[in-house]
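Student: curious how this folds, go ahead:
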Amino acid sequence: MHQKRAGTIIALVVCGFVLFCSPLSAAAAKPRARELGVPFDGRPGVFNAITDVAGVEVGHTTLISGSGPLKVGVGPVRTGVTAILPRGKSNLNDSVFAGWFSMNGNGEMTGTTWVDESGFLEGPVMITNTHSVGVVRDAVIQWRVQHGPPDDSGYWWSLPVVAETWDGELNDTNGFHVKPEDAFHALDSAHGGAVEEGSVGGGTGMICSEFKGGIGTASRVLKVGGSRYTVGVLVQCNDGIRSQLRIAGVPVGKEIQEGADRKQYQDKDLGSIIIVVATDVPLVGQQLKRLARRAALGLGRNGSFSGDGSGDIFIAFSTANPGADKPTGVHQVSMLANDQLDGVFLATVQATEEAIINALVAAETMTGINDKTVIALPHDRLREVLKKYNRLAK
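Tutor: Residues are numbered from 1 along each chain as shown. Reported below is the predicted structural model:
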């Protein structure tokens, strides 16, 4: 198998045959958690994805090549990059109000000092593997210089937000296989509509609750004061231990023991999760920090206790109030009253819970370095366990 940089098209060369598939069509063919009968509360948007928030675009670059023993710098390679653009590619210099939160800080999300200070997110949110944060960060600056004019103040200035989770169990992570062009491709291929999930983009080499993990997304539609709003969540899940995994309140991890790696984990949460929350509810920075904190409750519903070895870092942004970051003048912004935030908080918790399970359901069994294999969550067994506890929705 030869390495290909893939986003809108994935090309695999296997035994001399070239196989092409579109992740959008592949995603459509895969069942999602709801389709398997997992019961969730709340009303999802059209795509049940972060892209249900108007303007948000998501792109991936997926890097898969090689097999067998680890040869640093050669492979096997199981990694990638994911890009989330709050206002899409056409409005790069229109920042969004944002806030972030670290549930446990054994991880990295660059650019957050300025998010705290300014209350704004300037540019995309990128997610990759731990040792590729630097190259992706620098690539975002280069990409923005190439794809748009200076900001309204006249500066080519950027402090990109780049987050990570560790893929070194399956990927030659010290081989530094993510290159600037991979970040460029994730950004250039970003789109609205259905979002590819599972072992794609930054989530390619990730492990979640000792099952194969990766990218997942979900959304909720709600009404506040007569207005209709959307909350969308995207996760890169690489966290959790099998014994604690719960789905729809059911102890799925204790019931499905096949493939559990007791020697590796020993009931220690050694992974991480990045959670990105998007909404069109008019919120300002401090309110969005509060929203980012609520993602922790959705994570907890699935059994996470945010262990010492886990980097659980969340960011939330609002696409309301376009133009609020203009460098001069007095700006009028809209802001939902704090007393009306409860429904938004609940939608965030619900969408986070479902996005994580969607990642587990979409991921496929993968063999990586030194022939280590991590199994996917078996769909039939999941349905059996939900039925046993009278929680199967259909």
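
Student: quick one: contacts for the nearest residue to N321 once chain neighbours are set aside?
Tutor: Once flanking residues are discounted, N321 sits nearest to V333: 4.7 Å by CB to CB, 6 or more residues apart in numbering. Every residue, glycine included, has its C-beta placed from N, CA and C. Residues near V333 by CB atoms under 8 Å, 6 or more residues apart in numbering: 282, 284, 321, 324.

Student: can you get me a residue count around E108?
Tutor: 18 (other CB atoms under 10 Å).

Student: output the below-cut-off pLDDT ranges for the stretch 101-250 of the chain.
Tutor: When residues are selected by pLDDT under 70, those of the stretch 101-250 of the chain lie in 151-153, 155.

Student: picking that back up, now the contacts of V333 in JSON lines, with secondary structure?
Tutor: Below are the contacts of V333 laid out as JSON lines (DSSP: H, G, I helix; E, B strand; the rest coil):
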{"residue": "P282", "secondary structure": "coil"}
{"residue": "V284", "secondary structure": "coil"}
{"residue": "N321", "secondary structure": "coil"}
{"residue": "A324", "secondary structure": "coil"}
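
Student: which residue of this structure sits farthest from its center?
Tutor: Going by CA atoms, centre = their mean, the residue of the chain most distant from its centre is G329, 35.7 Å out.

Student: ok, that one - contacts?
Tutor: Applying CB under 8 Å, 6+ apart, no residues qualify as near G329.

Student: a strand runs through it, doesn't it?
Tutor: No - per three-state DSSP, G329 lies outside any strand segment and is coil.

Student: list the buried ones in the helix or strand where F97 lies?
Tutor: Element membership of F97 [criterion: DSSP states H and E] is strand 96-105. For strand 96-105, the buried set under the neighbour-count rule, 16 or more other CB atoms under 10 Å, comprises 96-104.

Student: make a markdown table from those and add distance to K179 to it.
Tutor: Listed next are the buried residues of strand 96-105 as a markdown table, based on distance: CB to CB, whole Å:
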| residue | distance to K179 |
| --- | --- |
| V96 | 28 |
| F97 | 32 |
| A98 | 28 |
| G99 | 31 |
| W100 | 27 |
| F101 | 31 |
| S102 | 28 |
| M103 | 31 |
| N104 | 30 |
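
Student: between these, which is nearest M366?
Tutor: The nearest member of the buried residues of strand 96-105 to M366, counting by CB to CB, is N104 at 25.6 Å.

Student: residues contacting the closest one?
Tutor: Under the criterion of CB under 8 Å, 6+ apart, the neighbours of N104 are 306-308, 310-312.

Student: among the residues you listed, name the buried ones.
Tutor: Buried members of the contacts of N104, scored by 16+ other CB under 10 Å, are 306-307, 310-312.

Student: follow-up on the earlier one: neighbour count for the contacts of V333 - can I get that in a markdown table?
Tutor: Compiled in a markdown table, those are given as follows (neighbours: other CB atoms under 10 Å):
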| residue | neighbour count |
| --- | --- |
| P282 | 19 |
| V284 | 20 |
| N321 | 19 |
| A324 | 19 |
